[in-house]
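model this:
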Amino acid sequence: MSAADRSEETPGTWPSVLTWRAHDCTRMESVRVQVSGNRIKAYGRIVAAASDTHPAFSASYDLVTNDAGATKRLSVTVTLAERERQLSIARDEENMWLVQDHQNQTKRSAFETALDVDVAFSPFFNALPIRRTGVHRSGESVSLPVVYVRLPDLTVELETIGYASVDGAIELSSPLANTAISVDDDGFILDYPGLAERI
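Numbering: from 1, shown residues only. Here you go, the predicted model:
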């Protein structure tokens, strides 16, 4: 994202549409992002064709963070051929997470004081901890608990993801991948090997 992409917005405040294409399967993600300092509002969609690991699905999401970049709430709607399901996640003032599933059952959990969410198949959500911690600028490393949403089944669990800035790239370490990702100056993913690249 360059200054030209943001037209004449106030510095640190801009809207943009970011789009990624999967490397080795038929899947795309597109998200409208509104940034104000560290605060993010985002509305996006992941569309995936059927594969060996999942049926065809689309997932739309709506995300809001607080002024520090920590997730306040996330809603996800997954559409499959036979059904549609919704999930709502919100973090309260006590840093407790409320998870309301498609059966309207609500669970409350600390998720080890996680401040970020991550969603399967999405390069967008990796930007949340990267931007919030500034690891793309600091050259340091962090290991963080995240509230992880699996698609298309909408299960929610705790995962730990590590980010380390190394030679202009960010080494990502998670139970799902160990790879070097590249980000732009604002911390949004350009290329996530094995997952997707920005187009």
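
Now do the SS call for the most centrally placed residue in the chain.
Central residue of the chain (C-alpha atoms, centre = their mean): F125, 1.2 Å from the mean position. Taking DSSP: H, G, I helix; E, B strand; the rest coil as the rule, one finds F125 in the helix state.

roughly how far apart are it and T133?
14 Å (C-beta to C-beta, to the nearest Å). Just so you know, the C-beta spots here come from the backbone N, C-alpha and C atoms, and that holds for glycine as well.

next one: I161
Distance from I161 to T133, by C-beta to C-beta: 11 Å.

for A110, same thing?
19 Å.

quick one, which of those two is more surrounded?
T133 (19 against 12; other C-beta atoms under 10 Å).

Show the model's pLDDT score for that one.
Here the pLDDT value assigned to T133 is 95.

What of S174?
pLDDT, S174: 88.

What sits closest to it if chain neighbours are left out?
Leaving aside its sequence neighbours, S174 sits nearest to I161 (C-beta to C-beta, 6 or more residues apart in numbering; 4.4 Å).

quick one: least confident helix or strand in the protein?
helix 135-138 (a mean of 90; mean pLDDT, DSSP states H and E).

And it, how far out from the chain middle?
18 Å (C-alpha atoms, centre = their mean, to the nearest Å).

List the buried residues in it.
Residues 135-136 are the ones in helix 135-138 that count as buried (16 or more other C-beta atoms under 10 Å).

low pLDDT regions in this protein?
1-12 (pLDDT under 70).

just the helices in this structure please.
Taking DSSP state H, the helices of the chain run over residues 127-133, 135-138.

Adding distance to S60, write the ones you listed out as CSV.
Output for the helices of the chain, formatted as CSV (distance: least, C-beta to C-beta, whole Å):
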stretch, distance to S60
helix 127-133, 18
helix 135-138, 27
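
I'd like to know which of these lies nearest to F188.
F188 lies closest to helix 127-133 among those, at 4.6 Å (C-beta to C-beta).

Show residues contacting that closest one.
38, 40, 65, 68-71, 115-118, 135-136, 142, 144, 146, 161, 163, 170, 183, 186-189 (C-beta atoms under 8 Å, 6 or more residues apart in numbering).

circling back: for R45, find the nearest of the helices of the chain.
Of all the helices of the chain, helix 127-133 comes closest under C-beta to C-beta, at 16.5 Å.

Pull the distance from that closest one to the chain's centre.
Relative to its parent chain, helix 127-133 has a centroid offset of 10 Å by C-alpha atoms, centre = their mean.

State the distance from D118 to T26.
D118 is 22 Å from T26, by C-beta to C-beta.

the more surrounded of these two?
D118 (22 against 12).
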